[in-house]
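Asker: Give the three-dimensional model of this entry:
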Amino acid sequence: MPSLEEGMDKLVVAVAADHAGFELKEWLKETLSARGHEILDLGTDSETSVDYADFGHALGEAVSRGRARFGVAVCGTGIGISIAANRHKGVRAALCHDVTSARLSREHNDANVLALGSRLIGRQVAQDSLNTFLETTFAGGRHARRVDKLG
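Answerer: Predicted structure coming up:
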């Protein structure tokens, strides 16, 4: 299956996190940079307590308006920030805990935002999940009909 990166000069990926996800977000930015992607960092910029919804909305808006093709959202569980991101038109944020859920979120659901819980998974699983998410294409077919029903 071809990679999303084929035929693209540079993929823009938005990243956002609350204080609990800050460290993992910063680490994943290194993975994105190493892959040659342009990063749109929407914050936060420290471990000082902030509200996850603010950063989920910023990421959702960036993906919805086409400022980034994909997003990576990180908070303690990944739940709150994904709920906020999903409130934006055209955003399909998928909370993933492993490579399989990351692959299936792209393959079956055409997810465009990977949500991760920094308190639930380690760095290596997060990195592997991110790489898989970016390398997997949407299968289309019967899945397209289902994704269309998501609005």
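Asker: CA only for contacts and neighbour counts going forward, please
Answerer: Will do.
Asker: Which residue ranges of the chain form helices?
Answerer: Assigned by DSSP state H, the chain shows helices spanning 22-34, 52-64, 79-85, 99-107, 123-135, 142-148.
Asker: which residues are contacting the last one?
Answerer: What that stands for is helix 142-148. For helix 142-148, contacts defined as Cα atoms under 8 Å, 6 or more residues apart in numbering pick out His108, Asn109, Asp110.
Asker: Repeat the analysis, applying 10 Å as the threshold.
Answerer: For helix 142-148, the surrounding residues in contact (Cα atoms under 10 Å, 6 or more residues apart in numbering) are Arg92, Glu107, His108, Asn109, Asp110, Ala111, Phe138, Gly140.
Asker: What's the mean pLDDT across that helix?
Answerer: If you average the pLDDT over helix 142-148, you get 93.
Asker: so how far is that helix from its chain's centroid?
Answerer: From the chain centre to the centre of helix 142-148 is a distance of 20 Å (Cα atoms, centre = their mean, to the nearest Å).
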